[in-house]
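> Give me coordinates for this.
(one chain, ligands or ions: 2)
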Amino acid sequence: MKMKDKQSLRNLYKQRRKQLGDSERLRLSEEITRQALQLLSEHAEWKHIHVFLPIRRLYEIDTLALIEELIGLQKKVYTSIADFADGGMSTVKIGDQTTFHEDSWGIPIPVQVEELSDPKLLQVVFIPLLAYDRSGNRLGYGKGFYDRFLADLSPSTVKIGLSYFLPEEQLEVEDHDVPLDYCLTPAGILTFS
Ligand SMILES: Nc1nc2c(c(=O)[nH]1)N(C=O)[C@@H](CNc1ccc(C(=O)N[C@@H](CCC(=O)O)C(=O)O)cc1)CN2
Ligand SMILES: Nc1ncnc2c1ncn2[C@@H]1O[C@H](COP(=O)(O)OP(=O)(O)OP(=O)(O)O)[C@@H](O)[C@H]1O
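Ligands and ions are numbered 1, 2, ... in the order given. Below is the predicted model of the structure:
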């Protein structure tokens with residue numbers, strides 16, 4: 001089988017997101033938030049939860065409502081700050097007092113944060129992606145931030161992708177790729193593990 005190459009898939013999914021339009025993206029983000037809260041309600045033991053903050057100029061899923069709900073549910077909520085100089089991510093705690101500014105990549109950065117010393121504490125990680133496939137493989141922007149970050153977590157950490165779209169049949173897989181356990185979409189929850 002001929003697989004679509006990564007770069008054309010990245011471009012395709014960037015276009016698909018953009019073409020949704022503002023009001024549709026907002027509606028789909030709300031549906032995905034609902035799916036996330038549904039899944040979390042079935043796993044009361046998941047307390048330490050990592051969420052990405054949306055890059056608006058790349059039309060990512062809006063996770064801010066989800067974060068607010070999680071804080072309201074007394075979950076411990078974290079995000080990571082990417083260091084484009086060394087490719088690393090440092091994990092920080094966020095709460096209802098946290099404010100954000102945008103870095104030069106358009107990523108919201110929490111201000112005045114407390115660093116989490118041990119990311120192995122994380123029980124759940126919500127992961128940004130451009131595309132994913134029916135086996136839970138994911139495709140991101142290609143800088144490897146999440147691949148490296150996930151490799152450092154506990155093997156038991158639950159990895160949950162969020163997508164506006166249905167899966168691809170099959171993506172190209174490399175040794176360093178860490179597969180998802182779930183992907184949440186407006187149409188429902190896909191389980192891979
Ligand atoms: N919200 C969010 N945070 C995240 C990620 C993500 O995918 N989403 N990342 C996931 O690993 C890391 C950041 N990775 C990024 C990689 C590329 C670009 C970016 O702006 N790319 C542009 C232009 C690239 C260029 O010109 O070189 C683009 O893709 O159009 C942004 C973030 C860490 N934090
Ligand atoms: N665990 C790792 N250790 C070192 N380098 C890694 C690791 N995982 C990925 N990389 C490097 O990161 C680069 C990007 O990987 P890949 O194309 O899989 O990114 P992606 O999954 O699309 O994007 P992202 O993880 O940024 O969302 C690759 O060149 C790869 O060598």
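> Can you confirm whether stretch 159-176 lies near ligand 2?
Yes - residues of stretch 159-176 contacting ligand 2 under CB under 6 Å from any ligand atom: Glu174, His176. All C-beta spots, glycine's among them, are computed from the backbone N, C-alpha and C.
> what mean pLDDT does that stretch have?
The average pLDDT within stretch 159-176 is 96.
> what distance separates the start and the end of it?
15 Å (CA to CA, to the nearest Å).
> just stretch 100-112 next, same as before
Across stretch 100-112, first to last residue, CA to CA, it's 9 Å.
> Check the offset of that stretch from the chain's centre.
16 Å (CA atoms, centre = their mean, to the nearest Å).
> From the rest of the structure, what touches that stretch?
Residues outside stretch 100-112 that contact it (CB atoms under 8 Å, 6 or more residues apart in numbering): 53-58, 79, 81-82, 84, 92, 94, 98-99.
> Please apply the same query to stretch 119-128.
36, 40, 45-52, 54-55, 60-61, 63, 66, 78, 91, 116, 138, 140, 146, 149-150, 152-154, 156-162, 180.
> Mind giving me the PyMOL command for buried ones among these?
In PyMOL, a selection of the buried entries from these looks like this (16 or more other CB atoms under 10 Å):
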select buried, resi 36+40+46+47+48+49+50+51+52+54+55+60+61+63+66+78+91+116+138+140+146+149+150+153+157+158+159+160+161+162+180
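> before we move on, the earlier item: got a winner among the contacts of stretch 100-112 for most neighbours?
When neighbours are taken as other CB atoms under 10 Å, the top entry among the contacts of stretch 100-112 is Thr79 (25 neighbours).
> so of the contacts of stretch 119-128, which ones are in strands?
His48, Ile49, His50, Tyr78, Thr91, Arg138, Val158, Lys159, Ile160, Gly161, Leu162 (DSSP state E).
> re the thing from before, what subset of the contacts of stretch 100-112 is also close to ligand 1?
Leu53, Pro54, Ile55, Ala82.
> quick one: which of those residues is nearest ligand 1?
Nearest to ligand 1 among those is Ala82, at 3.8 Å by CB to the nearest ligand atom.
> sec struct for that closest one, please.
State at Ala82, reduced to three classes by DSSP: H, G, I helix; E, B strand; the rest coil: strand.
> and it, how far is that from Gly106?
According to CB to CB, to the nearest Å, Ala82 and Gly106 sit 12 Å apart.
> cool, and Phe192?
From Phe192 across to Gly106, the span is 29 Å (CB to CB).
> got the residues of this structure near ligand 2?
When proximity is defined as CB under 6 Å from any ligand atom, the chain approaches ligand 2 at 139-148, 151, 174, 176-177.
> mind running it again at 8 Å?
Counting by CB under 8 Å from any ligand atom, the residues of the chain lying close to ligand 2 are 6, 10, 87, 127-130, 138-151, 174, 176-178.
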